[in-house]
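**Student:** missing the sequence, but the structure's below:
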């Protein structure tokens, strides 16, 4: 156990004289001299602070002599009222090193006199959490129970989390101390506290930290904590961390731990990781290797290219892509030369677009000429070049998108998203309006369809200009543009957006109405629910009700449920599912009871499934108990079907109680299939075992294998085939082309 904060009086005793020093607390100036400290100017109603340092945005750290002078002056204060006056004035100053130091000294001195009063006064001033931490630590050293009971009073979850962890330094970082703190935390706060407590140990005792992490109850918490500990450990001793990885029995935790160690090691010492990999120390785990190679590629793409040749199948191609992309960012011509030297045309064709975008970012003119010169010019390559140009010159990219001279290689409109986002950030409304005019006048259907993307960005950066253009060009711009602008404007100013409806052509008023309703509901669901009733009978009214109901359910689920009674058909089913899911967040039992009472069979089934999904995401065990308490039959089977994959995702195995509760065997086996697909991304062997053990219907089993194939894991008789995307890379990431 260590002392939480050094006594102000003790520090003051170390002061041994020095030159005169000026200290500022609020509007009072204190003159320090070798013989003592006296308040020379003080007024509770004084004007602006007289110290220049007090008005600086961030002063330099105080010299030692000044810090000692602060402690000496503060130690002489014996009146709590005076200290509170100085604390309040100091707290009002701009953030600076001086403010922080003086405020901490004053608070700790008040804590020496009356720690409870110090904590509560700091809370009334709404001081930063870091100001509260030493006060709670000081209190806990004297009276741990009282400090913990005060912690229970805090309603700021972030502050509670930070102070709880800091108290372990005083109470002792063991199970007894953890239990003490957890006794005053809300049940929902305990998992995160346990996880953070484990991670805090990593810098002092990584072995014990890992033991604590793998003992956590929740699988996701275990994995995340182990990953964070691995990153900390790898900064100091990556070899020791890797050596311990094999002792972790939980496969998901072990994989996450190894990946984090190697990734951090690659950042610190890539040469050592290259040596580790050249020694053939592959784990065979796809995610781990791709993550590590992603970290290594920027450091030495040539070395990654060499190692890639030793990798199997699709992993080899993705690692080649990572290396060539890193190389192209440095020297695109060298990357193209390496690409041309590849013997496999398939590899070259698949990797070309990634190189093209990086090339265009470095040399737009050269990349464009190169793309045009390819013997078989590919739209994908040209589109990637335009994507790259869009990040550095969006205006030119628009010209290229609308250029009709490319013939069969004409790029699609996909780069428009990059271009419009860039333009919106520049707030260049005149240029955006000109581009919008070109798009609607082009006669190109694909171009006109991109107006919605353009208007979405534009209405965020300059809503007035976007709206004026839209009102002049509503019929040419089309429905997508109408809905994008309506929703964006309603989010910012729903009343104004609602009033524009009659200025639009009649054919578009319904589109505007339902889009405004969605945005309005995000702003004020009750007001939106009242507002929409005046449009009953007009086009778009039913859709608008369906858009408002889910948002209303977050604040008034009963009112949302009554609103659904006005709906019918497909919209009623969709809205019921959304309302049920929102309601279940705050009161899952009430939401479930409401869903069970719905007369329409489809609505009831859909709503109940939503309740179970939402409930299980918060309290899986509670959701299980409720579902199992329902009578056997189709309704319970549908709830079990939703519940089973979520249970497997947490526990990595089937809960036989849920399997036995199904009344329909086909429904049971379909649920197992869904659970297997959920599990496949984390544990392919476990996914196969689920199918083999619990799916007996040949047709469903083949369907399960096909779905696992599409998920990237082939569990058929021919063996395992990998098709996994590197972490941090998605099919939407420009420059990365995936299988």
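**Tutor:** Arrived safely, thanks for sending. Just so we're clear, the structure is a prediction, and the values are computed from it rather than from any experiment.
**Student:** make it CA atoms for all contacts and neighbour counts henceforth
**Tutor:** Will do.
**Student:** so who does residue 549 touch?
**Tutor:** By C-alpha atoms under 8 Å, 6 or more residues apart in numbering, residue 549 lies in contact with 529, 560-561, 563-564, 575, 578-579.
**Student:** hmm, 10 Å instead?
**Tutor:** Residues near residue 549 by C-alpha atoms under 10 Å, 6 or more residues apart in numbering: 517-518, 521, 525-526, 528-529, 556-557, 559-564, 575-576, 578-579, 582.
**Student:** write the PyMOL selection for whichever of those are buried.
**Tutor:** Only the buried entries of the contacts of residue 549 go into this PyMOL selection, using 16 or more other C-alpha atoms under 10 Å:
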select buried, resi 517+518+521+525+526+528+529+556+557+560+561+563+564+575+576+578+579+582
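**Student:** in helices, which of the contacts of residue 549 fall?
**Tutor:** Cross-referencing those against helices under DSSP state H gives 517-518, 521, 525-526, 528-529, 557, 559-564, 575-576, 578-579, 582.
**Student:** how many neighbours does residue 455 have?
**Tutor:** Applying other C-alpha atoms under 10 Å, we find 30 residues neighbouring residue 455.
**Student:** swap in residue 299?
**Tutor:** Residues near residue 299, counting by other C-alpha under 10 Å: 18.
**Student:** what of residue 472?
**Tutor:** Neighbours of residue 472 under the rule other C-alpha under 10 Å: 11.
**Student:** low-confidence ranges, the stretch 401-550 of the chain, go.
**Tutor:** For the stretch 401-550 of the chain, the stretches with pLDDT under 70 are 402-427, 443-450.
**Student:** all strands of the stretch 601-739 of the chain, in order?
**Tutor:** Along the stretch 601-739 of the chain, no segments are classed as strands by DSSP state E, counting those that start in this stretch.
**Student:** let me fix that, I meant to ask about the chain.
**Tutor:** Using DSSP state E, the strands found in the chain span residues 21-25, 28-33, 36-41.
**Student:** hey, least reliable of the ones you listed by pLDDT?
**Tutor:** Of all the strands of the chain, the minimum mean pLDDT falls on strand 36-41 (a mean of 32).
**Student:** what comes up buried for the helix ranked longest in the chain?
**Tutor:** Using DSSP H, we find that the single longest helix of the chain is helix 97-124. Neighbour-count burial for helix 97-124 flags 97-100, 102-112, 115-116, 118-119, 121-122 (criterion: 16+ other C-alpha under 10 Å).
**Student:** what is it packed up against?
**Tutor:** With contacts taken as 3 or more C-alpha pairs under 10 Å, 6 or more residues apart in numbering; DSSP states H and E, helix 97-124 sits against helix 8-12, strand 21-25, helix 52-55, helix 64-75, helix 80-91, helix 129-142, helix 144-153.
**Student:** quick check: angle from that helix to helix 80-91?
**Tutor:** Using axes from the mean of the first three to the mean of the last three C-alpha atoms, to 10 degrees, the direction of helix 97-124 lies 120 degrees away from that of helix 80-91.
**Student:** could you list the low-pLDDT ranges of the stretch 601-739 of the chain?
**Tutor:** Low-confidence segments of the stretch 601-739 of the chain (pLDDT under 70): 709-739.
**Student:** now the longest helix of the chain and helix 129-142, what's the angle there?
**Tutor:** Interaxial angle, helix 97-124 versus helix 129-142 (the same axes, to 10 degrees): 70 degrees.
**Student:** quick one: average pLDDT of helix 97-124?
**Tutor:** Taken as a whole, helix 97-124 has an average pLDDT of 92.
**Student:** next one: stretch 251-260
**Tutor:** The average pLDDT within stretch 251-260 is 87.
**Student:** that one: which residues count as buried?
**Tutor:** 252-260.
**Student:** off-centre distance for it?
**Tutor:** 21 Å (C-alpha atoms, centre = their mean, to the nearest Å).
**Student:** could you do stretch 302-309 as well?
**Tutor:** Remark: stretch 302-309 is offset 33 Å from the chain centroid, using C-alpha atoms, centre = their mean.
**Student:** next one: stretch 686-700
**Tutor:** Remark: stretch 686-700 is offset 34 Å from the chain centroid, using C-alpha atoms, centre = their mean.
**Student:** distance between the ends of it?
**Tutor:** Start-to-end span of stretch 686-700 (C-alpha to C-alpha, to the nearest Å) is 18 Å.
**Student:** and the gap between residue 334 and residue 328?
**Tutor:** Plainly put, residue 334 is 7 Å away from residue 328 if you go by C-alpha to C-alpha.
**Student:** same thing with residue 563?
**Tutor:** 57 Å.
**Student:** got phi/psi on residue 218?
**Tutor:** Here is the backbone geometry of residue 218 (degrees, to the nearest 10): phi -90, psi 130.
**Student:** wait, what's in contact with it?
**Tutor:** Neighbouring residues of residue 218 by C-alpha under 10 Å, 6+ apart: 191, 195, 650-651.
**Student:** give me the more crowded residue out of residue 334 and residue 328.
**Tutor:** Each of residue 334 and residue 328 has its neighbours counted (other C-alpha under 10 Å); residue 328 has more, 24 against 13.
**Student:** wait, isn't that one in contact with residue 354?
**Tutor:** Yes: at 8.9 Å, residue 328 counts as touching residue 354 under the criterion of C-alpha atoms under 10 Å.
**Student:** what do those two both touch?
**Tutor:** Both residue 328 and residue 354 are in contact with residue 322, where contact means C-alpha under 10 Å, 6+ apart.
**Student:** which one of the buried residues of stretch 251-260 is nearest to residue 350?
**Tutor:** Using C-alpha to C-alpha, residue 259 comes nearest to residue 350 of those, at 27.0 Å.
**Student:** who are the contact partners of residue 227?
**Tutor:** By C-alpha under 10 Å, 6+ apart, the contact set of residue 227 is 199, 210, 213, 221, 233, 253-261.
**Student:** distance to residue 621 for the residues you listed - can I get that in JSON lines?
**Tutor:** Listed next are those as JSON lines, based on distance: C-alpha to C-alpha, whole Å:
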{"residue": "199", "distance to residue 621": "27"}
{"residue": "210", "distance to residue 621": "26"}
{"residue": "213", "distance to residue 621": "22"}
{"residue": "221", "distance to residue 621": "17"}
{"residue": "233", "distance to residue 621": "34"}
{"residue": "253", "distance to residue 621": "22"}
{"residue": "254", "distance to residue 621": "26"}
{"residue": "255", "distance to residue 621": "27"}
{"residue": "256", "distance to residue 621": "26"}
{"residue": "257", "distance to residue 621": "28"}
{"residue": "258", "distance to residue 621": "31"}
{"residue": "259", "distance to residue 621": "31"}
{"residue": "260", "distance to residue 621": "31"}
{"residue": "261", "distance to residue 621": "33"}
